[in-house]
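# coords please:
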Amino acid sequence: AHFAQALAEATPVAPEIADLSRPVLGYTGVIDERLDLNLLRELAQARPDWSIAMIGPVVKIDAKDLPGLPNIHYLGKQPYERLPQFLKGFDVCLMPFALNDATRYISPTKTLEYMAAHQPIVSTPVPDVVANWSDVVRIAPDTAGYIAAIEAALAENEAERAARWARE
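Numbers count the residues shown, from 1 in each chain. Predicted coordinates for the structure are as follows:
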């Protein structure tokens, strides 16, 4: 119910992302060793006209190791109450997880959070996401596939969107 607030007309888009160039691709959560920073860097380099909003604290890694490109916006930890405002402003929700020991057994709750906001989701092939959500989450193993999946999500028409929502 909390994340479904993103669907409410009364919920404003977070001002931190309201004026970013579209599309806005977004991630909410801890920014740590579980993220594929090379994928993030390559995505930003390949599509400099796309804005990438990274919402969450940086932990267990050095912030200087984060890709520092002009279209990646690190907005830090945000209050839980405001997360629906960010989701409302995302055109596509990202789950750019690295495939490593730290992600082998994760079951990202952000999948359900993003689904509650009815936003299209693109993920790397984390085993739990593939096993449980590949009917509603676009899965891509590499940068080219990730970009193609985002483009497909952005091109989603009303009928495709309604069919995805019905599966959620």
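# residue contacts, Asp32?
58-61, 102 (CB atoms under 8 Å, 6 or more residues apart in numbering). For the C-beta atoms, the positions are set from N, CA and C on the backbone; glycine is no exception.
# Name the nearest residue to it, sequence neighbours excluded.
Residue nearest to Asp32 in three dimensions, not counting chain neighbours: Lys60, with 4.5 Å by CB to CB, 6 or more residues apart in numbering.
# That neighbour touches Leu35, doesn't it?
No: taking CB atoms under 8 Å as the definition, Lys60 is not a contact partner of Leu35, at 10.5 Å.
# And stretch 132-146, end to end?
By CA to CA, to the nearest Å, the extent of stretch 132-146 from end to end equals 19 Å.
# wait, stretch 56-65
End residues of stretch 56-65 are separated by 16 Å (CA to CA).
# Show residues contacting that stretch.
With CB under 8 Å, 6+ apart, stretch 56-65 has contacts from 27-33, 37, 66, 74, 76-78.
# Name the nearest of those relative to Ala18.
Gln78 (14.1 Å; CB to CB).
# Need the three-state assignment for that closest one.
coil (DSSP: H, G, I helix; E, B strand; the rest coil).
# From Ala152, how far out is it?
28 Å (CB to CB, to the nearest Å).
# for the protein, which helix is longest?
If you go by DSSP state H, the chain has its longest helix at helix 143-154.
# Which stretches in the chain count as strands?
24-28, 51-55, 72-74, 92-95, 121-123, 138-139 (DSSP state E).
# partner strands of the third one, parallel or antiparallel?
Meaning strand 72-74. strand 51-55 (parallel) (DSSP bridges).
# now the strand it pairs with and strand 24-28, what's the angle there?
On the basis of axes from the mean of the first three to the mean of the last three CA atoms, to 10 degrees, strand 51-55 is oriented at 10 degrees to strand 24-28.
# Tell me which residues are up against strand 51-55.
Here strand 51-55 makes contact (CB under 8 Å, 6+ apart) with 16-17, 20-29, 31, 40, 43-44, 71-78, 83, 86, 89-90, 94.
# Give me the mean pLDDT for that strand.
Strand 51-55 carries an average pLDDT of 98.
# Give the residue spans of this protein that score low on pLDDT.
The model of the chain has no residue with pLDDT under 70.
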